[in-house]
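[1] Sequence and computational prediction follow.
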Amino acid sequence: MPGDTAPDAEAAAWHARACNSRAAGDFQASLSQAGHAVRLAPRNPVYRRQLASVLRQLESYQDAIRVLRETLSLDGVEIDELLLEIGEIHLDAGDIGAASTVARELVARGAAFEGNLLAGQLAFRRKEWEEALSSFRAAVDSRPGDCRPVNGLGVVSLSLGKPQEARDLLERAIAIDPAAWQPYTNLALLAEQAGDLVGAAALFEQAFSRNPAEARARFNAALLYLKAGDFRKGWQAYEARFQVPEIRHLFSQREETLLWDGGDPAGKDILILPEQGYGDQIQFCRYLPLLAARGARVHYACHRELARLFASLSGEIELYPGGEGIPGHDLQCSLLSLPLLMGTDAPDKIPARVPYLAAPTEDACRWRERLACRQGLRVGLVWASNNRDDPFRDRRLCLADLEPLWPVAGCMFFSLQIGRGPDETLPPWVEDLAGELSDFADTAAAMSGLDLVISIDTAAAHLAGALGQPVWLLVREDAEWRWMTQRDDSPWYPSMKIFRRKSLQSWRALAEEVADA
């Protein structure tokens, strides 16, 4: 190997293990193995670059940069290529200033290709399209046989709304290097924009097959399969979420050695781990009684805000609010792996009998009595997600967007919105119930006194659906996978009607459709 002044069979073996673990998506193992290789052969730049690559995958950006900076001093290294990689890691970390400094360093060295390629990426990040095009073209001129700047030109064309030009460039990049994975991800985005969800998913899968460490591609494929209704492929690909850097930290309690494989659970203590937002847990807790019915002793590490509500689930299910006091167990499973392991391989296989959750009886009676005197259609409103740290989606509209609803005759409006914006004052004809709701059981009880819930894509919409409450859901034109496409109902919630915002349509215009309905 170039620069390996002390070939060492043991170091080479650790390097090979690190490569295999990285390809399998086990980045922690790869990190340990790559570290062993570097300690055994500290002057081998190949091993060092492997270590830096794994650190980058794990978002340990400063450590990755440190390793590469140390590698620059070794004999026989490609300094310009290493500097380019350092600049790209600064970009990954969001440090535009440091990346710009590296770009200037490359220019000063006369590294035309690397300098222009990094400058193009910087300009793209700043949305300076003409500068990005100029830099990528200069990189192509410097090295016509490298697919990376051609891929960069394709991404800029995609961003500028030139789909055919983008397609031609991305296919050209693949022709230059059939093993490159990035052009496939960008072709997938192009196919998704054109409405070809299955084709886009297949392209994401091709990207993943070329770089198994790029779990985002497989995860994106999963979302598209699910959105298109191909649950068989979708749930399988959805397992890639455990390796996606942006959300991997959500699964820190998951123990690989204890994972349930879908076999006979009878007589087993199975710990189900919560994941993602409250809405996801409300949607998928329906599987817990089904697992218990198969003979498992089900333990659920429940969020405190959901504990009283989930106490209404049927079957023998032990809840551990806040994850405290969890007993020993035979197996583990993350909540959103249950559809895969329990055979929900098509929309018509969804266990959709509602209600599967209920409010505490006394609380529900109290709310029904309190609201019974209100004349007309009693409508609850939720217009924003209260989870601003949700890694999957941003869901929020303004209270003012709902103004078309106010003149509708015969309606009484009630706010269930937790956490209003500082500039959002309720009009006098909207009664605020949110101040009396301390957890989801309280919200369920309040909903029991209403005739209809109108909600943006939030946990409240899932709750109403799980209660069997009539619920009208407002979603964006690019609604996430669970609401699928081009349908005004949901296979997950029989009591739900979906209103979809059209391209370029405002939320207010969609509210006008709701008012008419």
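    Structure's in. What do you need? Residues are numbered from 1 along each chain as shown.

[2] In a strand, I498, correct?
    Yes: assessed by DSSP: H, G, I helix; E, B strand; the rest coil, I498 belongs to a strand.

[3] Excluding sequence neighbours, find me the nearest residue to W367.
    Excluding its sequence neighbours, the residue lying closest to W367 (Cβ to Cβ, 6 or more residues apart in numbering) is G449, at 4.0 Å. C-betas here are computed from N, CA, C, even on glycine.

[4] ok, the one you found - how many residues close by?
    Counted with other Cβ atoms under 10 Å, residues neighbouring G449 total 21.

[5] Checking my notes, it in a helix, right?
    No: counting by three-state DSSP, G449 is not part of a helix but coil.

[6] For E214, give its distance to I326.
    Separation of E214 from I326 (Cβ to Cβ, to the nearest Å) stands at 34 Å.

[7] So between the two, which is more surrounded?
    Of the pair E214 and I326, E214 is the one with more neighbours under other Cβ under 10 Å, namely 23 against 14.

[8] roughly how far apart are the more buried one and A207?
    6 Å.

[9] Check C333 too.
    Counting by Cβ to Cβ, the gap from C333 to A207 is 28 Å.

[10] try I454
    Distance of I454 to A207, computed by Cβ to Cβ: 39 Å.

[11] More neighbours: which of those two?
    Just comparing I454 and A207: by other Cβ under 10 Å the higher neighbour count belongs to I454, 26 against 23.

[12] Let me know the distance separating that one from A34.
    In terms of Cβ to Cβ, I454 sits 53 Å off from A34.

[13] Same question for F113.
    Taken as Cβ to Cβ, the span from F113 to A34 is 27 Å.

[14] follow-up on the earlier one: joint contacts of E214 and A207?
    Counting by Cβ atoms under 8 Å, 6 or more residues apart in numbering, the residues touching both E214 and A207 are 181, 185.

[15] what about the strands in the stretch 401-517 of the chain?
    Applying DSSP state E, counting those that start in this stretch to the stretch 401-517 of the chain gives strands spanning 411-415, 430-432, 452-456, 471-475, 496-500.

[16] Can you check which of those strands gets nearest to A179?
    Comparison of the strands of the stretch 401-517 of the chain against A179 by Cβ to Cβ identifies strand 471-475 as nearest, at 38.4 Å.

[17] by how many degrees do the closest one and strand 452-456 diverge?
    Put simply, strand 471-475 runs at 20 degrees to strand 452-456, going by axes from the mean of the first three to the mean of the last three Cα atoms, to 10 degrees.

[18] from the chain's centre, how far out does strand 471-475 sit?
    On the basis of Cα atoms, centre = their mean, to the nearest Å, strand 471-475 sits 21 Å off its chain's mean C-alpha point.

[19] can you check stretch 49-62 too?
    In this view, stretch 49-62 has its centroid 21 Å away from the chain centroid, taken as Cα atoms, centre = their mean.

[20] just for the stretch 251-400 of the chain, where's the confidence low?
    386-395 (pLDDT under 70).

[21] what are the ranges of the helices in it?
    With DSSP state H, counting those that start in this stretch, the ranges of helices along the stretch 251-400 of the chain come out as 278-284, 287-293, 304-310, 338-341, 361-371.

[22] The stretch 1-150 of the chain now?
    Counting by DSSP H, counting those that start in this stretch, the helices of the stretch 1-150 of the chain are 9-23, 27-40, 45-57, 61-71, 79-92, 96-108, 112-125, 129-142, 147-159.

[23] Of these, which is nearest R218?
    helix 9-23 (12.8 Å).

[24] so how far is I86 from the nearest residue to Y61 once chain neighbours are set aside?
    Closest residue in space to Y61, ignoring its immediate chain neighbours: A93 at 4.0 Å, by Cβ to Cβ, 6+ apart. Distance from A93 to I86, counting by Cβ to Cβ: 11 Å.

[25] which of the two has more neighbours?
    Neighbour totals were compared for A93 and I86, and I86 leads with 26 against 17 (other Cβ under 10 Å).
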